[in-house]
Structures are given as C-alpha cells and as structure tokens.
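Chemist: Build me a structure from this.
(one chain, ligands or ions: 2)
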Amino acid sequence: MKLLIKGAAILTMRHDAPFTGDILIDGSRIADIQPAIRDAGADEVIHAEGMAAMPGLINAHQHTPMSLLRGFSDDLKLMDWLEKKMFPAEARMTPEDIYWGAKLAMAEMIRSGTTAFADMYIHMNEIAAAVEETGMRASLTRGLVFTEDDGGRRMAEALDLIKRWSGKAEGRITTMLGPHSPYTVPPELWREVIRLAEQEDIPIHTHLAETVEEVALIRERYNQTPTEYLYHLGLFEKAHVLLAHSVHLNRRDIGYLRGMRGGAAHNPVSNLKLGCGIAPVSEMTEQGIAVGIGTDGAGSAATLDMFEEIRAAAWLQKLDYGDPAKLPAMEALRMATAGSASVLGIADEVGTLEAGKKADLILIDLRKPHLQPVHNLPSLLAYCAVGADVDTTIVNGRVLMRGRRLLTIDEDELLAQVSKRARRIVEGI
Ligand SMILES: CSC[C@H]1O[C@@H](n2cnc3c(O)ncnc32)[C@H](O)[C@@H]1O
Ligand SMILES: [Zn+2]
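Modeler: Numbering: from 1, shown residues only. Ligands and ions are numbered 1, 2, ... in the order given. A predicted model of the protein is given here:
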C-alpha cells in the first residue's frame, strides 16, 4: 500500500528549516520525502496544502488507565494524592477497566497527535491488547511497587509481559522493566532488577527525584540523593534507563547521568500541577543527556495534549533562567519527538521524518486564526498549536485519524464504557 501526502509544510526535525513538499509512504515506512514526488503510483493521496507535517509526538512517560481518574482528585501533595486517592482507586480496577481506561487515553493521544508512548501500570496484557487494536506504538512496563511481600507475583507478571509482547503488533510494542521509584522498591530488589536488566538487555523505566519529600526520605534512609543512590546500585552503567520526572537533580547528580543510555522524561504540566518543581532539562541536554517529554497519567496532568507539554517545557526553562532564549521552539519540539524516541530506545525507527524510517507522522491544519500567518513554523507549532489542530495521525504507515475522525476506535462505545466504570471505581474514596 502506497500513500502519498502532497503539498504539506514539512518539518522533518532532522533539519531546522521547513520546506513545502511531498511524503511517500510505502507500507510501514517513509519511502521518499522531497519538494515534489512525481508519479509515485500511490494507492491513496492526501492533499495536505495548508497543513504542516511533522513526526508524531512521543509521550515519554504515561500511566494510560489513569485517564479513568481524571479530575477525581486534584490539588493534593504527591504522597497524599497517591496513598489516599490513587492507590485505593487502582486496587478496585479490574482488567476490563484497565483496557477501557487505556483505550480512552489512546483515543485522546491519537486525537492530539501522539503516535507513541511509554506506559507503566498494572494488568499490562489488557493495555497491550488495546495498543494492538488502536494501532499506536508503545513501550510497556509492569510497574513494580514492593511495599510488601507478594511472593514474586508482580515480578513474574513483569517478565511475562516482556516474553509475551516484545516486538508484537507488527513490531509496534517494546517492553521495559519497571521498578517504580527509589522510595517504593528496596535495594535488594533494585539489585535483582538491575542484574536481570543487564543479563537480558532489558531497559528500565522508573520515577526519579520527583519531589523534595522523596529527596529527604532517600537521604534519611541511605544518606544519598535519589540519583546518587541509583548510581551506586550500578543502574546507569548497566541498563538503558528511562527516568521519569528527574526534577531534583543537583550538578553532581547530573554528572552521574553523563554517558547513560536512555535519558529523562520531563513532565512539566504534572510537575506544575503537583507543585513539584522545575526539572533542570537545559543542564541535562547541555551535558549530552537525552531528554524527552511526557504527560504522566491524566490523573496528575489533566490532559494528554503533548502540545501543552511542549509549551509548558519551554515556558518553564525561560522562567527558571529569566532568559527567553532558553529552550527555543525548535528544541522543545525536538524534545517531544527525537528526544523522547531516544529515551524510549526507538530513535533508529522514529522521531524524525526521513526516508527509511517508520511512517509515524501527523498533519496539523494551519488554516485557523490562531495559526496564521506562518512567519515561522516551529514557533507556531511549539507556542500556538493545540492537540485539536491535528487533522491526521499516521502510525507505522496506517492512518489512525483522518479529518479528526478516529478510524481504529469506536468512540461512542468507548465513552459509554468509561462513564459507567469510572463512577464505580471512585465511589466512596
Ligand atoms: C505500579 S504502576 C505505576 C504507579 O505509579 C503511580 N503514579 C502515577 N503518577 C505518579 C507520579 O507522578 N509519581 C509517582 N507515582 C505515580 C500510579 O498511581 C501507579 O500506582
Ligand atoms: Zn508517573
């Protein structure tokens, strides 16, 4: 199947300068990308004059089923929010709830231009099934919270996920191991996970240094910063690691991350809403550490619109330094595409628009008052666009949304399932 996109304003992310041109997709990959592609023998043509084409956004840290908990509990400190509200609600979620919650998140992501995401949660078989059906790309992780002995059940589930789903759904699914954080997993289990990750070459997805309370707790327990603690366990040397949040890192901590495989997933809106702080993403990138952008779950972030995150990331760096030159538009867009792809370990395949790469891309309709005139395309996309401006979403060469109509999800059925399940889960909590 050959699909030709004609006349778009193309931002490849490999080069800074946009150009007007055509993109030829053959099967799951980009076959050609040029100012004009003639006689390509395409089965289908999308006329994209007036639209921008860019790589699909990659949400580098998510808990998809938490979309069921959106708006249920806000304005609390992280630990209160997790322990008093989220954990009790999650304990009530059935595998079917997880499936529909994940699908709700995927509908929102496809609608707002996200083509791939990294997810950490429970009941991962149901999430994997939803990924297979919706056509998205995902890195899936069974979250491991070892607050009490569970006889190794959670670890067995984590390994089962990896065995069952790595490389599945036409190669759209990858997997990681997911020790939740330095404060919910004891050192002996961290050692076991790191040993396994090194031995089997499995990446690790974790939360790091999200709050000052976490920093104080790890200081009290181990007399180290959270980053120092994981460094001394050998984490950054032995595995590819996805570090969600990474807010409270000092200069020495950033030094421990230099040369690591993977990188940090910056979650600016969640950090703002939970009052956590501003992650030192400019220092990290200056030190050669890859940084991607994610939303965190909709329970903390509110929406899964990556355009909001791109904007928040840029605003926060400018504010933090009192310098509007910090995190310019192009760099913020690159963070949410190529940066996230590096953190997920899929940068060879996605994150930029290039012949030979997987065809994960979006078309944004610029024919709107808030997106005119087009003086500078990266500036419009980073500072003015919203998820609802996305017209078309393509993953692995397959069109998942066209003209804002979802093609792999029955939204009426989805919304009916979600409303009845969400009410039952939170009742009385
Ligand atoms: C065991 S699956 C993942 C686990 O993470 C919880 N979670 C959601 N948001 C955050 C956050 O910002 N920091 C730490 N943990 C978070 C979620 O509720 C799941 O229980
Ligand atoms: Zn999280």
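Chemist: how about the helix or strand bottoming out on mean pLDDT in the chain, does it reach ligand 1?
Modeler: Across the helices and strands of the chain, the lowest-confidence element by mean pLDDT, DSSP states H and E is helix 298-301, at a mean of 88. Yes - Helix 298-301 reaches ligand 1 (Cβ under 6 Å from any ligand atom) through Ser300. C-beta coordinates here come from the backbone N, C-alpha and C atoms, glycine included.
Chemist: wait, isn't Lys273 in contact with Gly299?
Modeler: No - counting by Cβ atoms under 8 Å, Lys273 does not reach Gly299; the two are 10.1 Å apart.
Chemist: the more surrounded of these two?
Modeler: Per other Cβ atoms under 10 Å, whichever of Lys273 and Gly299 has more neighbours is Gly299, with 24 against 16.
Chemist: what does the stretch 251-400 of the chain put close to ligand 1?
Modeler: So the stretch 251-400 of the chain meets ligand 1 at 270, 296-297, 300 (Cβ under 6 Å from any ligand atom).
Chemist: Need the contact partners of stretch 221-241.
Modeler: For stretch 221-241, the external contacting residues (Cβ atoms under 8 Å, 6 or more residues apart in numbering) are 182-183, 187, 190-191, 194, 197-198, 202-206, 208-209, 214-215, 218-219, 246, 248-250, 252-253, 256-257, 259-263, 345.
Chemist: The same query, at a cut-off of 6 Å, please.
Modeler: With contacts defined as Cβ atoms under 6 Å, 6 or more residues apart in numbering, stretch 221-241 is touched by 182, 190, 194, 197-198, 203-204, 208-209, 218, 249, 253, 256, 260-262, 345.
Chemist: Using the three-state scheme, assign the residue in the chain that ligand 1 sits nearest to.
Modeler: In the chain, no residue comes nearer to ligand 1 than Gly143, which is 2.5 Å away by Cβ to the nearest ligand atom. Following DSSP: H, G, I helix; E, B strand; the rest coil, Gly143 is assigned to strand.
Chemist: what's the answer for Ala382, then?
Modeler: When the rule is three-state DSSP, Ala382 gets the label helix.
Chemist: what sits against it?
Modeler: 310, 329, 332-333.
Chemist: Out of those residues, which two are the most distant from each other?
Modeler: With Cβ to Cβ as the measure, no two of the contacts of Ala382 lie farther apart than Ile310 and Ala329, at 8.5 Å.
Chemist: Can you tell me the element Ala264 falls in?
Modeler: strand 261-266 (DSSP states H and E).
Chemist: What are the buried residues along that strand?
Modeler: By 16 or more other Cβ atoms under 10 Å, the buried positions in strand 261-266 come out as 262-266.
Chemist: What of stretch 419-429?
Modeler: Buried, per 16+ other Cβ under 10 Å, within stretch 419-429: 421-422, 425-426.
Chemist: Make TSV out of the residues you listed and add secondary structure and distance to ligand 1.
Modeler: Supplementary listing: the buried residues of stretch 419-429 in TSV, determined by DSSP: H, G, I helix; E, B strand; the rest coil; distance: Cβ to the nearest ligand atom, whole Å:
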residue	secondary structure	distance to ligand 1
Arg421	helix	17
Ala422	helix	15
Ile425	helix	13
Val426	helix	13
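Chemist: The residues you listed into TSV, with extra columns for pLDDT?
Modeler: Below are the buried residues of stretch 419-429 laid out as TSV (pLDDT from 0 to 100):
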residue	pLDDT
Arg421	98
Ala422	97
Ile425	97
Val426	96
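Chemist: And stretch 378-390, end to end?
Modeler: 15 Å (Cα to Cα, to the nearest Å).
Chemist: picking that back up, any idea which of the buried residues of stretch 419-429 is the one closest to Thr337?
Modeler: Among these, and counting by Cβ to Cβ, the member closest to Thr337 is Ala422, at 31.4 Å.
Chemist: Residue ranges in the protein under the pLDDT threshold?
Modeler: 147-149, 151 (pLDDT under 70).
Chemist: and stretch 270-282, which residues are buried?
Modeler: Applying 16+ other Cβ under 10 Å to stretch 270-282 flags 270-271, 273-274, 276-282 as buried.
Chemist: try stretch 172-186
Modeler: For stretch 172-186, by 16+ other Cβ under 10 Å, it's 172-185.
Chemist: Quick check: the two most widely separated of the residues of the stretch 251-400 of the chain next to ligand 1?
Modeler: That would be Ser270 and Gly297, which, of these, are the farthest apart (Cβ to Cβ) at 8.0 Å.
Chemist: Which residue lies nearest the spatial centre of this protein?
Modeler: Note on the chain: the residue nearest the mean C-alpha position is Asn59, at 1.8 Å, using Cα atoms, centre = their mean.
Chemist: Tell me the secondary structure at that residue.
Modeler: Here Asn59 is recorded as strand under three-state DSSP.
Chemist: what sits against it?
Modeler: Contacts of Asn59 (Cβ under 6 Å, 6+ apart): 114, 117, 294-295, 306.
Chemist: if we go to 10 Å?
Modeler: Shown in contact with Asn59 (Cβ atoms under 10 Å, 6 or more residues apart in numbering): 105, 109, 112, 114-119, 136, 138, 265, 267, 292-296, 301, 304, 306, 309, 336, 340, 344.
Chemist: and if you look at Val291?
Modeler: Counted by Cβ under 10 Å, 6+ apart, Val291 has contacts 60, 243, 246, 263-266, 279-285, 313, 327, 331, 334-336, 339-340, 342-343.
Chemist: After the helix or strand harbouring Arg221, heading C-terminal, what element do we hit next?
Modeler: Element membership for Arg221 (DSSP H and E) is helix 212-222. Sequence-wise, the next helix or strand downstream of helix 212-222 (DSSP H and E) is helix 226-232.
Chemist: Can you name the element that comes right after that next one?
Modeler: helix 235-238.
Chemist: could you point out which element follows that following helix?
Modeler: Next along the chain from helix 235-238, counting by DSSP H and E, comes strand 240-245.
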